[in-house]
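coords please:
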Amino acid sequence: MALPLCSRCRISLKHISPKPLPLALVLTRSIHLPPSAPRRTLTSATWDPKQPPVMLNDYPQPQRDLEKLPLAVLLRGIIMQSAMSHPLLMDAASAMARKNIHMLTRNALLRFFLDKIFYAQFCAGSTEAEIKNTVSSLKALGYKGVITAYAREVDHSNVTEHSTTAEQQSAHQEHVAQWLQGTLKGIQFANSGDFVALKFTGAGPECVRLLEAGKEPDLVMADAMDKICETAKAQGVRLLFDAEHHVQQAAIDAWTMDLMETYNQNGDLVVYNTYQMYLKESTTTLAKHLERARSGKFALGVKLVRGAYINSDPRHLIHDTKRETNAAYNNAARILATQHLNDPSAPKVGVMLATHNAESIQMMRTLRQEQVQKQQPLAEVAYAQLMGMADELSLSLTQRKNNVDEENIQVYKYTVWGTMDECMMYLLRRADENRDAVDRSLLSQQALWRELRERLFPSSISA
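Residues are numbered from 1 along each chain as shown. You can find the predicted model right below:
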């Protein structure tokens, strides 16, 4: 007996196959059982007229990657990515902004545009209520958590030779106190399991001088660092110390590794260091830090990035090609995630893959699936992308949580907080970054437009 099909179903089946489908195949494709229900064959003995088969178009459709994105965020993203996919436009806008940064934040019309579009796209807000609302909105999209960072930066042009005058010492203490207060606020705004990112150079010109001279932190700075780490550990918040200019990086590595040795004991992952894999030396640096963690018996926290200072770091220190940088990044990620499998004395490692590169993420996901099949779990691996960028990539990762091989996948969004004035330098860097990544901006733009078209003109069967 043939089951009646409505006209909508006939249209749908026509799209699936150019030829009429056999009745048995139609029935097979029409019946849907929940995953927990036993599989059964439809026969005269099992047919229940009170429970008619679910027709093809009534199947729950796969969720689109950007389906959860609020409409306002979707439209704002289209505006931003459309602008950022034009390098000449971004060059002109960035140059004008740097020359007239004070005018931008004081002109009422420009400030409105910056606040409602640019600032809202990349920043969490300036008050506790705004920040917590942004964090809640991000977690509602399915993210494991957030990485928050205080956006305030200092003017490095005032860095001079060391002076012990009372006035300069007082200014140094004030800068460190402001950095400490802002960081502690960020920890307060975060929830257990979240990350707080911070820059040592945010502590002021004297801190910059110490870093560039390769010296240890002074007592004022050391005391602030300990307070930050102790507070974070008590609240279950983890700290990501950012990489910065190469001239400062050796001291940043030394300061951060010392903090790890103190606070990453007994398997705790409180402190993470950042490694810019576009630097040729980063692979060797990572190997040395792994060995130090092994001998010191503490956990190694690693945030992997490709690099953010390509326009200012010495070119000869950077890999010659993008392909070499990608290889260095992927090899480091693979080694960190698997180094414990064949080495019982290997230190515990936590890896944050901070990347918008889909190939690197797919490499790690494939590796995870392979190791799950072997019943050999990887090290703790998390993924992170910037708020306002690569939403299609971030949300595609959250959609994989029902996959048994990736049930513990962790996806975070990085966002800064602070006033408009405090966030301006961060916003300008985002503009520069998108200017130098036009291909990625175009991909994001296309994904956002596809989602908007799907909402306006939903197809009968989702692709």
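
Quick one: distance of the helix or strand hosting residue 73 to the chain centre.
According to DSSP states H and E, residue 73 maps onto helix 71-84. Relative to the centre of its chain, helix 71-84 is centred 19 Å away, using C-alpha atoms, centre = their mean, to the nearest Å.

on contacts alone, who are the packing partners of that helix?
Packing partners of helix 71-84 (3 or more C-beta pairs under 8 Å, 6 or more residues apart in numbering; DSSP states H and E): helix 87-99, helix 120-122, helix 420-435, helix 438-456. For glycine as for every other residue, the C-beta is placed from the backbone atoms N, C-alpha and C.

show me where the stretch 201-350 of the chain has strands.
Along the stretch 201-350 of the chain, counting by DSSP state E, counting those that start in this stretch, strands occupy 238-241, 271-276, 300-305, 349-354.

where's the shortest one relative to the chain centroid, distance-wise?
A distance of 13 Å separates the centroid of the chain from that of strand 238-241, by C-alpha atoms, centre = their mean.

average model confidence for it?
The average pLDDT within strand 238-241 is 98.

any idea of the mean pLDDT in stretch 269-284?
The average pLDDT within stretch 269-284 is 98.

distance between the ends of it?
In terms of C-alpha to C-alpha, to the nearest Å, the two terminal residues of stretch 269-284 are separated by 22 Å.

buried set for it?
269-279, 282-283 (16 or more other C-beta atoms under 10 Å).

Show me the shaky parts of the stretch 1-150 of the chain.
1-63, 84-107 (pLDDT under 70).

Go again with 80.
In the predicted model, the stretch 1-150 of the chain carries pLDDT under 80 at residues 1-63, 80-114.

which residues are in contact with stretch 259-266?
Stretch 259-266 is contacted by residues 225, 229-230, 233, 241, 270-271, 273, 292-293, 296-301 when judged by C-beta atoms under 8 Å, 6 or more residues apart in numbering.

buried subset of these?
Buried among these (16+ other C-beta under 10 Å): 225, 229, 233, 241, 270, 271, 273, 293, 298, 299, 300, 301.

ok, the closest residue to residue 290 other than its chain neighbours to residue 196 distance?
Using C-beta to C-beta, 6 or more residues apart in numbering and skipping the chain neighbours, the partner closest in space to residue 290 is residue 300 (6.2 Å). To residue 196, residue 300 is 19 Å away according to C-beta to C-beta, to the nearest Å.

what ranges do the helices span in the stretch 151-300 of the chain?
Along the stretch 151-300 of the chain, counting by DSSP state H, counting those that start in this stretch, helices occupy 166-189, 205-212, 219-235, 246-263, 282-296.

Redo the ones you listed as JSON lines? Include distance to residue 123.
Shown next, in JSON lines, are these (distance: least, C-beta to C-beta, whole Å):
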{"stretch": "helix 166-189", "distance to residue 123": "13"}
{"stretch": "helix 205-212", "distance to residue 123": "24"}
{"stretch": "helix 219-235", "distance to residue 123": "22"}
{"stretch": "helix 246-263", "distance to residue 123": "24"}
{"stretch": "helix 282-296", "distance to residue 123": "29"}
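
Need the winner for burial among these.
helix 205-212 (a mean of 21; mean count of other C-beta atoms under 10 Å).

How far away from the center of its chain is it?
Distance, stretch centre to chain centre, for helix 205-212: 28 Å (C-alpha atoms, centre = their mean).

try stretch 411-418
When distances are taken as C-alpha atoms, centre = their mean, stretch 411-418 is centred 8 Å away from the chain's centroid.

just to revisit the earlier point, can you put the strands of the stretch 201-350 of the chain in CSV and add distance to residue 366?
Formatted as CSV, those follow (distance: least, C-beta to C-beta, whole Å):
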stretch, distance to residue 366
strand 238-241, 26
strand 271-276, 22
strand 300-305, 17
strand 349-354, 13
